[in-house]
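**Q** Could you work out the structure for the sequence below:
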Amino acid sequence: MGIIAWIVIGLLAGLIAKALLPGKDPGGFIITILIGIAGGLLGGWLGKVIFGVDSIDGFFELSTWIAAIVGSLILLVLYRLVTGGRNRSRA
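**A** Alright, predicted model coming up:
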């Protein structure tokens, strides 16, 4: 897959992850894309390590999208854990 395909998958996987885990997150469009792209890579790596399969086959493969979304969800949760304390106002 080319870089444009990774950006498109990253954007959509990041948006789906934010839709599945709604809440107020710091960062905007660029952070969503970066979380999605990194999530796709993480999901593909986890699929290979845990299940022994190449889960990032092609743009239109279901396994690619599932891996990207699951990886994005994992990274979104980690991102919220790391940045969550910074957004709260101190009383």
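
**Q** From residue 52, how far off is the most centrally placed residue in the chain?
**A** For the chain, the residue nearest the mean C-alpha position is residue 72 (1.9 Å; CA atoms, centre = their mean). Using CB to CB, to the nearest Å, we find residue 72 at a distance of 22 Å from residue 52. Where C-beta positions appear, they are placed from N, C-alpha and C, glycine not excepted.

**Q** Which positions within stretch 6-15 qualify as buried?
**A** 6, 8-15 (16 or more other CB atoms under 10 Å).

**Q** could I get that stretch in CSV with only the CA atoms?
**A** Taking C-alpha atoms only, stretch 6-15 is exported to CSV below (Å, rounded to 0.1, in the frame of the first residue of the first chain):
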residue,chain,number,x,y,z
TRP,A,6,-2.1,4.7,4.8
ILE,A,7,-3.2,8.2,5.4
VAL,A,8,-6.8,7.4,4.3
ILE,A,9,-6.9,4.3,6.4
GLY,A,10,-5.3,6.2,9.3
LEU,A,11,-7.9,9.0,9.1
LEU,A,12,-10.8,6.7,8.9
ALA,A,13,-9.6,4.3,11.6
GLY,A,14,-8.8,7.2,13.9
LEU,A,15,-12.3,8.7,13.3
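
**Q** ok, and what's touching that stretch?
**A** 1, 32-40, 59, 64-65, 68-69, 71-72, 76 (CB atoms under 8 Å, 6 or more residues apart in numbering).

**Q** for this protein, longest helix please?
**A** Counting by DSSP state H, the longest helix found in the chain is helix 62-87.

**Q** Show me what counts as buried in that one.
**A** 63-65, 67-76, 79.

**Q** List phi and psi for residue 42.
**A** Backbone torsions of residue 42, given as degrees, to the nearest 10, read phi -60, psi -40.

**Q** Just give the closest residue to it, not the sequence neighbours.
**A** residue 71 (3.7 Å; CB to CB, 6 or more residues apart in numbering).
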